[in-house]
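Student: coordinates only, no sequence provided:
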Ligand SMILES: NC(=O)c1ccc[n+]([C@@H]2O[C@H](COP(=O)([O-])OP(=O)(O)OC[C@H]3O[C@@H](n4cnc5c(N)ncnc54)[C@H](O)[C@@H]3O)[C@@H](O)[C@H]2O)c1
């Protein structure tokens, strides 16, 4: 079955490579001509484990191609997946400008048997309004909701072994046609109406953001009462109603999804006359968590940051990705800079123009007053801490991911401050 995917970003590339690996012929339409050129030459514009192999196998088998013209990409396609940005608008609402533009562009380029498949995260009710938009444009193409749940850093695995495949459609035949694309995966399927499918995506992200924020705030209580958050979440996660996953305290959530999707859900609820107070509190507590980490660094530097240097390990919003969108690391660094600190950062894959980037972890901490660990890259566990101790000007390590072993750090003469841990 021929499939067009519009948008060759994180979702479009993984979905495109994944569907091609299942034997479908996929054409990716992408407005960024440089990105298309790079992909045609075998390059990959993002860091995502397993993606280079997935794409090179697919292109090698002639099942994946890249196009600067969306119209060319959809020609003869049975499905048109929309993997377009839906960024946060000024008022917190999802900005649907990209989705609208592409629907308008392609409405009359496809036949009536073609199904538009909305992969982008869009507010409940959007697919219904897009169906009306298509009809108003004189198109009889069909449209379904098929939200994406991939995690950056594990996106290829998530495609091949999804927890669930969700499709929201008015016609059962349309939902089945989409589910059938994945028949070789043997994944659990949820078929529902489009608005409920759209809501499942927001519910997942809002729940996960709330869960992380709960653990982060719990770590603050642990710190106050002298408990160890790592033991607490180990015991908590053994309750089968809770489960062990996604309980790691840190500097707050980030990335291209949780921040914008929580804001969008608040706006959706508000427009429907409901004040989602709980989720507003989650966002406020998440902001506070970043300020707390910045405060910890300030204390570690002796109470003030003017003229101080902070060596920061990690810039990406989490390990396994080069994505710095809404990264807590970058947000904390800008709080430190605002207080007069110089921040020198190292990350194995990510970079940002906002900070001075160092070529390796030791260069980042040379002459630093404080080391801040902001992203949980496994590489940081292998750095020789006695070397760190030698090159630093100060002696304090603020581990905002709790990844280092406090005993080993203290053994080389450094002072270890984690989150929610005794002596933190
Ligand atoms: N990144 C994730 O982890 C993730 C996970 C689940 C859902 N989502 C959702 O999926 C959607 C896409 O996210 P992403 O991270 O892949 O975004 P992205 O920014 O990485 O990719 C979007 C791509 O669309 C392209 N594009 C924009 N306008 C276009 C047009 N008119 N024609 C063709 N291409 C165009 C952009 O150039 C970009 O390459 C968003 O709604 C996001 O919320 C993302």
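Tutor: It's in. Note that this is a predicted model, so its numbers are computed, not measured.

Student: secondary structure element for the closest residue to residue 312 other than its chain neighbours?
Tutor: Closest residue to residue 312 apart from its sequence neighbours, by C-beta to C-beta, 6 or more residues apart in numbering: residue 345 at 4.3 Å. Glycine gets a C-beta too; all of them are placed from N, C-alpha and C. Using DSSP states H and E, the element containing residue 345 is strand 342-346.

Student: what is the subsequent helix or strand relative to that strand?
Tutor: On the C-terminal side of strand 342-346, the closest following helix or strand by DSSP H and E is strand 356-357.

Student: against which helices or strands is that next one packed?
Tutor: Where contact means 3 or more C-beta pairs under 8 Å, 6 or more residues apart in numbering; DSSP states H and E, strand 356-357 is packed against strand 342-346.

Student: close to the ligand: what parts of this protein are there?
Tutor: Within reach of the ligand by C-beta under 6 Å from any ligand atom, the chain has these residues: 6-12, 29-32, 35, 70, 83-86, 98, 101-102, 119-121, 148, 150, 152, 256-257.

Student: and those, which are buried?
Tutor: 6-12, 29-31, 35, 70, 83-86, 98, 102, 119-121, 148, 150, 152, 256-257 (16 or more other C-beta atoms under 10 Å).

Student: which strands border the strand holding residue 345, and is each parallel or antiparallel?
Tutor: Sheet pairing for strand 342-346, assigned by DSSP bridges, gives strand 309-313 (parallel), strand 356-357 (parallel).

Student: phi, psi of residue 154?
Tutor: For residue 154, the backbone dihedrals (degrees, to the nearest 10) come out as phi -130, psi 20.

Student: with the one 5 residues further on instead?
Tutor: Taking degrees, to the nearest 10, you get phi -70, psi -40 for the backbone angles of residue 159.

Student: before we move on, back to that, among the buried ones among the residues of the chain next to the ligand, which are in helices?
Tutor: Using DSSP state H, the subset of these located in helices is 10, 11, 12, 35, 70, 98, 102.

Student: and whichever residue of the chain sits closest to the ligand, what does it touch?
Tutor: Per C-beta to the nearest ligand atom, residue 9 is where the chain lies closest to the ligand, at 1.7 Å. Residue 9 is in contact with 46, 83, 85, counting by C-beta atoms under 8 Å, 6 or more residues apart in numbering.

Student: which residues touch the residue nearest to the last one when sequence neighbours are not counted?
Tutor: With sequence-adjacent residues excluded and distances taken as C-beta to C-beta, 6+ apart, residue 85 is closest to residue 98, at 5.2 Å. Under the criterion of C-beta under 8 Å, 6+ apart, the neighbours of residue 98 are 7, 84, 85, 86, 120.

Student: residue 98 and residue 310: what is the separation?
Tutor: Relative to residue 310, residue 98 is positioned 37 Å away (C-beta to C-beta, to the nearest Å).

Student: could you point out the longest helix of the chain?
Tutor: In the chain, assigned by DSSP H, the helix with the most residues is helix 194-225.

Student: list the buried residues of that one.
Tutor: 194-195, 197-202, 204-206, 208-213, 215-220, 222-223.

Student: how about stretch 14-24?
Tutor: For stretch 14-24, burial by neighbour count (16+ other C-beta under 10 Å) applies to 14, 15, 16, 17, 18, 19, 20, 21, 22, 24.

Student: in helices only, show me those.
Tutor: Going by DSSP H, the helices hold 14, 15, 16, 17, 18, 19, 20, 21 from the buried residues of stretch 14-24.
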